[in-house]
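Q: Structure here, sequence nowhere to be found:
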């Protein structure tokens, strides 16, 4: 869903560094001061912050929340839900999109964005056992909410503190899975995503074939087109009717993020005071960040990044139809392979920048293979175009 959010920040905040207009600097500083914050990450006392050093490696978890409520927990308007094909305004908060963005300390190395399919079957932090990754947030939140209610806490306290617990549980789960330490957190929900895409004037995308999906409402022709608002959300939410389900949706999200970056760098978005103002306004209404993220220092670090400086991939996976005891079919994942792949990204150029989607024979597990073999098998698929932020890749 909003997996592209981090790239928005990279492009957006870079403008604050290079802009000579006082307006631009004031606008971005205003975003830093007014965006919603949550205390979900505790930095070790001996770890330098971006205020202490001009450039340190940073790893950011980007989360798109499949929530029918706003960030204060209020139900979204029913007409918005109807347009999104999102049903009723329940408080369910599964994480529809999760992407880790790593900005290296070494300016010679490329940044990378690593997608984690929502249906990945993994160990959930907090002692919840093995379940789909997208339930980590909700399980942590619900457990804390029940504890607080039993202690007699008021509704506002329950909502606030349980949501923080849910975010922390998701962060811990992803750290355990990838071996990465998450330095920063950014979250947005359905309505916020729609508002942001409208604020930038739409995002260019490309489809290899026309799609018609009654579940998400996606109804688009083949070829290049520009999407914003509700249509953009339909594009990144669709998974029914796609050959590899959740994994094809992950590639949609990566392509959307690449298209957004391309739009930011090539269309004058970042040189338009009115466009910048609209975008920052949408960010302050819709985005939740960790409490300690200094956006202006971060802008200084990423100011030199361009469209081809970030590459997209997905964690290694096995079958996309893994039977589970209580969660239906899930995506098979081996944590050792995931951590080995992450280390290959951290140490230099990955073996291939193609996205490692499902194997050629999805019903057969590949997790008895080495990590390199899994990557090679996935990358042999002829339609897996490399995705970077340098252009507009066509996807299923």
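A: Yep, that arrived. Computed from a prediction, not measured in an experiment: that's the story for all the values here.
Q: Could you find the closest non-adjacent residue to residue 111?
A: Excluding the flanking residues, the one nearest residue 111 by CB to CB, 6 or more residues apart in numbering is residue 310, at 4.4 Å. (Glycine included, C-beta is placed from N, CA and C.)
Q: Any figure for the gap between the one you found and residue 256?
A: Distance of residue 310 to residue 256, given as CB to CB, to the nearest Å: 14 Å.
Q: Same check on residue 151?
A: Taken as CB to CB, the span from residue 151 to residue 256 is 42 Å.
Q: Could you check which of those two has the larger neighbour count?
A: Neighbours were counted for residue 151 and for residue 256 using other CB atoms under 10 Å; residue 256 has more, 27 against 9.
Q: can you tell me the helix or strand for that one?
A: Per DSSP states H and E: residue 256 is located in helix 246-266.
Q: What's the first helix or strand after that helix?
A: helix 273-286.
Q: Which other helices and strands does that following helix contact?
A: The contact analysis (3 or more CB pairs under 8 Å, 6 or more residues apart in numbering; DSSP states H and E) places helix 273-286 against helix 5-18, helix 22-34, helix 190-199.
Q: quick one: residue 63 is in a helix?
A: No. Counting by DSSP: H, G, I helix; E, B strand; the rest coil, residue 63 falls outside a helix, being strand.
Q: contacting residues around residue 241?
A: 211, 212, 213 (CB atoms under 8 Å, 6 or more residues apart in numbering).
Q: which outside residues touch stretch 198-208?
A: Identification of contacts with stretch 198-208 by CB under 8 Å, 6+ apart yields 4, 8, 197, 220-229, 232, 235, 255-256, 259-260, 262-264, 267, 269, 275, 278-279, 281-282, 383, 392-396.
Q: Among those residues, name the buried ones.
A: 4, 8, 197, 220, 225, 227-229, 232, 235, 255-256, 259-260, 262-264, 269, 275, 278-279, 281-282, 392-396 (16 or more other CB atoms under 10 Å).
Q: so how far is the first residue of stretch 216-232 from its last?
A: Start-to-end span of stretch 216-232 (CA to CA, to the nearest Å) is 11 Å.
Q: For that stretch, the averaged confidence score.
A: Averaging pLDDT along stretch 216-232 yields 90.
Q: again with stretch 173-192
A: Stretch 173-192 shows a mean pLDDT of 91.
Q: Any buried residues in that stretch, and which?
A: For stretch 173-192, a neighbour-count test (16+ other CB under 10 Å) marks 173-180, 182-192 as buried.
Q: Would you list the phi and psi of the closest residue to residue 105 other than its chain neighbours?
A: In space, and not counting its chain neighbours, residue 105 is closest to residue 57: 4.2 Å by CB to CB, 6+ apart. Here is the backbone geometry of residue 57 (degrees, to the nearest 10): phi -60, psi 140.
Q: At which residues are the strands of the stretch 1-150 of the chain located?
A: Under the criterion DSSP state E, counting those that start in this stretch, strands of the stretch 1-150 of the chain are mapped to 36-38, 58-67, 93-103, 111-115, 121-124, 129-132.
Q: that older thread, drop anything exposed from the contacts of residue 241.
A: By neighbour count, with 16+ other CB under 10 Å, the contacts of residue 241 hold 211, 213 as buried.
Q: Tell me the buried residues in stretch 153-167?
A: Those would be 153, 158, 159, 160, 161, 162, 163, 164, 165, 166, 167, for stretch 153-167 by 16+ other CB under 10 Å.
Q: Confirm that the second one sits in a helix.
A: Pointing back at residue 158 there. Yes. Counting by three-state DSSP, residue 158 falls inside a helix.
Q: Just give the number of residues close to the closest residue to it other than its chain neighbours.
A: Closest residue to residue 158 apart from its sequence neighbours, by CB to CB, 6+ apart: residue 148 at 4.7 Å. Neighbour count of residue 148, defined by other CB under 10 Å: 19.
Q: Residue 148 contacts residue 156, correct?
A: No. Counting by CB atoms under 8 Å, residue 148 stays clear of residue 156, with 10.7 Å between them.
Q: quick one: residue 182 and residue 61 touch, right?
A: Yes. With contact defined as CB under 8 Å, residue 182 counts as touching residue 61 (4.8 Å).
Q: Next, show the common contact partners of these two.
A: Here residue 182 and residue 61 have 100, 171, 174 as joint contacts, going by CB under 8 Å, 6+ apart.
Q: got a list of what the first one touches?
A: Meaning residue 100. So residue 100 contacts 59, 60, 61, 62, 113, 114, 116, 174, 178, 180, 182 (CB under 8 Å, 6+ apart).
Q: could you point out where this structure is predicted with low confidence?
A: Applying pLDDT under 70 to the chain flags residues 1-31, 43-55, 67-77, 80-81, 83-94, 264-272, 299-309, 349-385, 389-391.
Q: cutoff 80 now
A: 1-34, 42-55, 66-95, 106-109, 190-192, 260-283, 285-286, 295-310, 348-392 (pLDDT under 80).
Q: which other helices and strands contact the helix holding residue 256?
A: Judged by 3+ CB pairs under 8 Å, 6+ apart, helix 246-266 is in contact with helix 5-18, strand 93-103, strand 111-115, strand 203-207, helix 229-237, strand 310-314, strand 394-395.
Q: Give me the helices and strands touching the third one, please.
A: I take that to be strand 111-115. helix 5-18, strand 93-103, helix 246-266, strand 310-314, helix 335-347.
Q: That one pairs with which strands, parallel or anti?
A: strand 93-103 (antiparallel), strand 310-314 (parallel) (DSSP bridges).
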